[in-house]
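# Predicted structure and sequence below. I'll ask about it afterward.
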Amino acid sequence: MTRPAKLNASRQTDFSKLIDPEDDLERQLLSLPEFHRGFNWGKPRFGHPEGLVGLHVIEVLKNIQAFDFDKEIFRDLRLLAITHDTFKYLEFERMKNGASKLHHGLLARQFLEAYVKDERLLTIIERHDEAYHIWRLHHLRKKTELAAARLEALVADPAIDIALYTLFFRCDTETGDKLQAPWYWFVEELHKRGIRVESDLAR
Ligand SMILES: [Fe+2]
Ligand SMILES: [Fe+2]
């Protein structure tokens, strides 16, 4: 697990020095002020004892590195890792200022449309927390019918690359002190529907 950083607003971490870009797009994104700001957002909390989004991103990147993915999947997963939670700061700021709640995945997608042309990746960025939200709806809030409807909508959505989505969900879930149950549950639900995804990857 990444060591939690003790930081304050006057002493921010330059994550562009801690994350080695794999290509020009990663280099460009990591140099943007929005990413600097986004990576420096967050305090230790359940699921995220590391606090800062940037430290979480580094953990996800390490997970991606640990599996032997082919080059294209590796590149896609890295882009998802670097971008998916970066706009939590904006979700929080908007709410603080009385604006309507927009999930950070949607905010990330809207920002990234200027940089990323692959609709498949934009869709996963936008909906990366949907499987977790559905798990919560089913298991914590006991809204099983609503959860089932949302799960059907997610897995049946032709815009979703479900194999890539599931790989990313695992790399994102095996971080901090997050519960692992949502990922296991999601894979089981996919298998019940005859959707085969890689769930027993060796490191
Ligand atoms: Fe997220
Ligand atoms: Fe995440």
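Received the coordinates, thanks. Ligands and ions are numbered 1, 2, ... in the order given.
# Please tell me how far the residue most central in space within the chain sits from Asp76.
Nearest residue to the geometric centre of the chain (Cα atoms, centre = their mean): His84, 4.2 Å. Distance from His84 to Asp76, counting by Cβ to Cβ, to the nearest Å: 12 Å. Where you see a C-beta, it was placed from the backbone N, CA and C, and this is true even at glycine.
# So which residues on the protein come close to ligand 1?
Residues of the chain lying close to ligand 1 (Cβ under 5 Å from the ion) are 85, 129.
# ok but Phe69 is inside a helix, no?
No - counting by DSSP: H, G, I helix; E, B strand; the rest coil, Phe69 is located in no helix; its state is coil.
# Contact residues of the protein facing ligand 2?
For the chain, the residues in contact with ligand 2 (Cβ under 5 Å from the ion) are 85, 172.
# The residue nearest to the centre of the chain: what's it in contact with?
By Cβ atoms under 8 Å, 6 or more residues apart in numbering, the contact list for His84 reads 105, 108, 125, 128, 168, 172.
# Which one of those residues sits in the busiest neighbourhood?
Sorting these by how many neighbours each has (other Cβ atoms under 10 Å) puts Ile125 first, at 29 neighbours.
# Show me the shaky parts of this structure.
Applying pLDDT under 70 to the chain flags residues 1-10, 200, 202-203.
# Show me where it has its helices.
With DSSP state H, the ranges of helices along the chain come out as 24-30, 33-39, 53-66, 71-83, 88-96, 104-112, 119-127, 130-139, 144-156, 162-173, 181-192.
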